[in-house]
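Colleague: I'd like to go over a predicted model; first the sequence, then the structure.
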Amino acid sequence: MTSTPRTALDTVTHAAGTPDAGQPWAELGLKQDEYERIREILGRRPTGAELAMYSVMWSEHCSYKSSKAHLKQFGEKAPESDALLVGIGENAGVVDIGQDYAVTFKVESHNHPSYVEPYQGAATGIGGIVRDILAMGARPVAVMDPLRFGAADHPDTKRVLPGVVAGVGGYGNCLGLPNIGGEVVFDACYQGNPLVNALCVGVMKHEDIHLAQASGTGNKVVLYGARTGGDGIGGVSVLASETFEETDPEKGPAKRPAVQVGDPFQEKLLIECTLEIFNERLVAGIQDLGGAGLSCATSELASAGSGGMRVELDTVPLRDSSLSPEEILMSESQERMCAVVEPDKVGRFLEICEKWDVTATVIGEVTEGDRLEIYWHGEQIVDVPPRTVAHEGPVYHRPYERPSWQDALQADDAAALPRPATGEELRAATLALLASPNQAAKSWITDQYDRYVLGNTVLAQPEDGGMVRVDEESGLGVAIATDGNGRYAKLDPYTGAQLALAESYRNVAATGARPLAVTDCLNFGSPEDTSAMWQFAEACRGLADACRALGTPVTGGNVSLYNQTGDAAIHPTPVVGVLGVIDDVARRTPIAFAEQGQLLYLLGETREELGGSAWSQVAHGHLGGLPPAVDLERERLLAEILISASRDGMIDAAHDLSDGGLIQALAESCLKGGNGARVVVPDGLSPFVFLFSESQGRALVAVPRSEEVRFNDMCGARGLPVARIGVVDGEEIEVQGQFSVPLRELREAHEATLPGLFGAPR
Amino acid sequence: MTGGGLGRIGVVTFPGSLDEGDARRAVRLAGGEPVALWHREKDLRGVDAVVLPGGFSYGDYLRCGAIARFSPVMEPLLEQARAGLPLLGICNGFQVLCESHLLPGALTRNDHLHFVCRDQRLRVERTDTAWTADYARGQEITVPLKNGEGGYVADERTLDALEAEGRVVFRYAGGNPNGSRRDIAGICNEAGNVVGLMPHPEHAVETLTGPTTDGLGFFTSVLKRLVTA
């Protein structure tokens, strides 16, 4: 087969000689001044291939040009932490968890692709984050998915949600990674802008940490994994059809699908192959291929290393022989990695790839000097300083302004809403809350994910946090939770971001693990909208301040902007993941009330805080007022108590209180354990506030009677307010003097909602 | 059993196998010595029994287990299994055994069309196989079930024959999770040395990570048989 005839290749020489040739920079998403700056950097117009590289690497997604100025705070305000081995800037941060183990974790968004093509968008979201973790030198050991959809009963949610869930499961299950938690939230604000975030955690020994850099002149650049195809090419179709390639009138213009297609089997082979390569210490630097494909991998490796790089692009194995060099550079074909390997280790490297049936090709080498040079059949088509592509993109200080509607929103206090007064009304409100899509059981979704594979899952959804065992001998393990309440953040983005961290931190502590570090996925509207930009700026400031107060540094993460349709932006949604360590997973604290007769204690203080609450949404469709107050010192104290109580065997169950308040936590713990509870409203609180308020810094714990004195003494000595509110008992939840609900009725209400909406697997 | 000491149980890794580490752990916790076997090698390394683990061999893009059955390791394995070597196929391993015709029938897409992961009750129907001697007939056990293609099908004559010959080893209890004919969760060959099932006993060997330890019996059963053989 002969390749399609092309017009003259746009080489560096050709570009230098044709300064006035028109280029489709605008169609590729570059601004006039950005295009001018590229010309200035190069001292000539860019070639088509160079333009392709700059356009993808300077995109918002890759360059963080609108967010960078605000993200700086995560470094500047970072708390001192002995645990941080690798910080922001690499593929993922690395945290020391002791016993010579290190853990790397990160959360990323795949929002827009998942709206366009839910299954593949969600699937490749998992694939991408798993490769990020792998590229650090770690074996991926678990995934989690924080998801946000439009209204549960909206027809488009019925299209998007089943596809996303099937994609997360289809890819993750086939990869053999347990899915240990995450979130599912419904809100009309995500209509047309669903949020599909994916988190992966990996484990390695300290000496196994790998970095994305190309050093050592003469070292080989090896591309391995899937062959490169035409999938995932966005703007380049413009390049291909308008300027650089003759369109074949028989075939029509070369339009490529913009959403990547995943092959989890290939990724599984890539993981095992890469880990074996690491094990034999065969790589000097490594980078996964994700967004912006080879453009990103080659420029980032070269930029971070000490030398330059020369790549022979025509050696790249292709699925589609008609691809142009620009398309090859921009393709986002999945399941590919790029390694820098010393020449005498290349043979063994290729042998291991062959063992795993993974295609591997030497495509270039590290050179002296500081240029990234790419050749196509012997002709130079790229000659750039790699830092200008990868790390020195544009930085914007976008204007932002507190929205004019913010005051009115905050003044619309939820305290004014009519509330249930009688026992009968409280009972009805309880059932309505627990059956509402956001507060209902999510097992319809999580039962489509494998949580057992690898045999180290100690806790998984619906627990407060997921927990996996790292070392079978010692019982060392890690716990992770992700949280983010867009309703709180809409009311006050600074506080909302802090509340996201506080909840995630509290969830990890509730499992018995000590919180160590943070990853975040910041999902916001358009940075060109001053209101959305203000929300983003406030959330970053809030999160950075809170991380400092809690002593948990941000290790990495991701920003997703432009989650906006017309003027309607999503709720500002900072999703915060916290990683914690536990010395012995056998000491973990589950949420289930497993034993009758145990005493229920409410830790922390309950105030009337209903702004942004689940109750206000379910009962009134209301969003207004202020979110609950945040007290990070209290969160720290609560966490210390929960961790000590877990370690010393003083509690048998713990559940953090968050959206839905006490009644939500009580119901979940009772249902999980199959035991009822009798509770008494404490003096001075109205039953409604006691059950539905969302005051922070609280948890519900079950204390064996034999431990009561010791537990009380500990809380008293450390100054944490606690109240004994009841006992695990019977087969119903009874709020004394108010109402009671049999567990059977509660379970029916809680578990029937999602199957009712999305179809019922048995 | 060869040489004395621990019973050596091989666990095959195909490309795309996922639960082989869990199967090896289960063998170890049951007191045996796990031996890793590689799909490309026609050498069973003198093991006393073999487990084909769960996963998605070759991605299962064609038909579950359809490609794995042609792996080099399957040649000596089929031969020795026909000669009496205890062989257990779990989930994808069961699918491979059906594709290899060591066991009759096939596994099809769950009738509700979703992947399902849950703790599943099973009734033990037969206890004189190589892998179930440590259970009592009629005993109910709970082990994880996790698959997208777990619906057991066969023609009526085959199903009747399986029933008549007592070759239904496990049945789903408390609800059929995938549309399997006659609630069949696992079957064996005529000699009872080859057993295949969809649920995952290797994920129920520790209370810390599994719903129960009910799955250990598979591995203790085969190890005891090796000692007495």
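Modeller: That came in fine, so what should we check first?
Colleague: who in chain A is up against chain B?
Modeller: A:166, A:169-170, A:173-176, A:263-266, A:268-269, A:356-357, A:446-458, A:469, A:472, A:585-586, A:759-762 (CB under 8 Å from any CB of the partner chain). Heads up, the C-betas are built off the backbone N, CA and C, glycines and all.
Colleague: which of the residues in stretch A:89-109 are buried?
Modeller: A:90-97, A:101-109 (16 or more other CB atoms under 10 Å in any protein chain shown).
Colleague: From the residues of chain A next to chain B, keep the buried residues only.
Modeller: Applying 16+ other CB under 10 Å to the residues of chain A next to chain B flags A:166, A:169-170, A:173-176, A:263-266, A:268-269, A:356, A:446-458, A:469, A:585, A:761 as buried.
Colleague: So which of those belong to strands?
Modeller: Secondary structure assignment by DSSP state E places A:T457, A:V458, A:R469 of those in strands.
Colleague: Tabulate those residues in a markdown table, adding columns for pLDDT.
Modeller: Conversion of those to a markdown table gives the following (pLDDT from 0 to 100):
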| residue | pLDDT |
| --- | --- |
| A:T457 | 98 |
| A:V458 | 98 |
| A:R469 | 98 |
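Colleague: Pick out whichever of those residues sits closest to A:K442.
Modeller: A:T457 (16.6 Å; CB to CB).
Colleague: Assess the claim that that closest one and B:P211 are in contact.
Modeller: No: in this structure A:T457 lies outside contact range of B:P211 using CB atoms under 8 Å: 11.2 Å.
Colleague: List the contacts of B:R121.
Modeller: B:E140, B:I141, B:T142, B:Y172, B:A173, B:G174 (CB atoms under 8 Å, 6 or more residues apart in numbering or on different chains).
Colleague: The helix or strand hosting it pairs with which strands, and in what direction?
Modeller: Assigned by DSSP states H and E, B:R121 falls within strand B:116-124. Applying DSSP bridges to the sheet, strand B:116-124 is found paired with strand B:140-147 (antiparallel), strand B:168-173 (antiparallel).
Colleague: Adding mean neighbour count, write those out as a markdown table.
Modeller: Output for these, formatted as a markdown table (neighbours: other CB atoms under 10 Å in any protein chain shown):
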| stretch | mean neighbour count |
| --- | --- |
| strand B:140-147 | 23 |
| strand B:168-173 | 22 |
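Colleague: Could I get the phi/psi values of the residue in the stretch 51-200 of chain A that chain B sits nearest to?
Modeller: Using CB to the nearest CB, the single residue of the stretch 51-200 of chain A nearest to chain B is A:G176, 3.3 Å away. Dihedral angles of A:G176 (phi, psi; degrees, to the nearest 10) stand at phi 80, psi 30.
Colleague: hang on, isn't it packed against A:L454?
Modeller: Yes: contact status for A:G176 versus A:L454: in contact at 6.8 Å, counting by CB under 8 Å.
Colleague: Kindly state the beta-bridge partners for A:A569.
Modeller: With DSSP bridges as the rule, A:A569 is bridged to A:Q564.
Colleague: In contact with it: list those residues for me.
Modeller: A:A569 neighbours (CB under 8 Å, 6+ apart): A:C189, A:F524, A:G525, A:S526, A:D529, A:S531, A:A532, A:Q535, A:N563.
Colleague: Repeat that for B:C188.
Modeller: Here B:C188 is in contact with B:L103, B:R126, B:T129, B:R167, B:V169, B:V194, B:V195, B:G196 (CB under 8 Å, 6+ apart).
Colleague: Against chain B, how distant is A:G612?
Modeller: Relative to chain B, A:G612 is positioned 33 Å away (CB to the nearest CB, to the nearest Å).
Colleague: thought that residue was touching A:G660?
Modeller: No: A:G612 is beyond contact range of A:G660, at 12.0 Å (criterion: CB under 8 Å).
Colleague: quick one, strands of chain B?
Modeller: B:8-13, B:33-38, B:49-52, B:87-90, B:106-108, B:116-124, B:140-147, B:151-153, B:168-173, B:184-188, B:194-197.
Colleague: Give me the residues contacting the fourth one.
Modeller: What it means is strand B:87-90. Residues from elsewhere that reach strand B:87-90 (CB under 8 Å, 6+ apart): B:19, B:23, B:49-54, B:77, B:81, B:95-97, B:102-103, B:130-131, B:193-202, B:218, B:222.
Colleague: Pass me the low-pLDDT residue ranges in the chain, would you?
Modeller: Reading this off chain A. Chain A contains residues with pLDDT under 70 at A:1-7, A:234-258, A:760-762.
Colleague: you looked at the wrong chain, it should be chain B
Modeller: B:1-5, B:229.
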